[in-house]
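**Student:** sharing a model prediction with you, sequence too.
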Amino acid sequence: MKSIILLSGGLDSSVALAMSLTKDPESRVLEALTIDYGQRHRLEIIAAEWIANHYGIPWKLVTVDPQIFRGSALTGDAEVPEGHAESPDDTYVPARNTVLIALAAARAESIGARMIVIGANADDAAGYPDCRAEYLQAYRNVLQQGTINKVWLSAPLLHHSKDQIIELGHDLDVPMNMTYSCYRGEPEPCGTCGACIGRESLC
């Protein structure tokens, strides 16, 4: 099935891309789509291009007005909290996946793709309601009803923890050193934000 992947440049979406390329030899990833929504961790965007180039996948960058996503520590000047979010905290970006998946659906239909792949996973579900199984199933229903080609939403890592994703990344030879995940966006990752903590077993 022809697909596109929402590629942030972080660990999860990069492993999801590798899975898409190896799980089904008959499938074809038409494009890696990255959204610039004013995120402070902008090094992820550079990493996304590197990952797409590594796999020989066409890469497209789409820019969204960052004013849409105000109110998050990831898009503003508020301090990024330390530790992994066990419930929604200041790193929650208002309705981010709802907007990003909608953009991906429009792009998918525009280029003839029938599936969108995202890196939502078990560890993110606690802090981010738009990464939970119930949300993703509801969105699948929306896409099935609202797209001519009945675009499918795939979340292959939905039941994987970060440690399992890292193990899978090693098995798939994902160039995880190319990925970037620090919420604070500094060249040297902080090591204490939720995204950095999720990568601890890589160290």
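**Tutor:** Received it, and whenever you're ready, just let me know what you need.
**Student:** so Val5 makes contact with Met115?
**Tutor:** For residue 5 the amino acid is Ile, not Val. No: under the criterion of CB atoms under 8 Å, Ile5 is not in contact with Met115, lying 9.2 Å apart. Bear in mind the C-beta positions are built from the backbone N, C-alpha and C, glycine included.
**Student:** the two: which has the busier surroundings?
**Tutor:** For Ile5 versus Met115, neighbours defined as other CB atoms under 10 Å are more numerous around Ile5 (32 against 21).
**Student:** excluding chain neighbours, give the residue nearest to the more buried one in space.
**Tutor:** Val117 (4.3 Å; CB to CB, 6 or more residues apart in numbering).
**Student:** what's the first helix or strand after the lengthiest helix in the chain?
**Tutor:** The residue-count maximum for a helix in the chain (DSSP state H) belongs to helix 96-111. Counting by DSSP states H and E, the next helix or strand C-terminal to helix 96-111 is strand 115-117.
**Student:** which residue lies farthest from the center of the chain?
**Tutor:** Ile148 (24.5 Å; CA atoms, centre = their mean).
**Student:** per-residue pLDDT, Ser202?
**Tutor:** Actually, residue 202 is Leu. It isn't Ser. On pLDDT, Leu202 comes in at 80.
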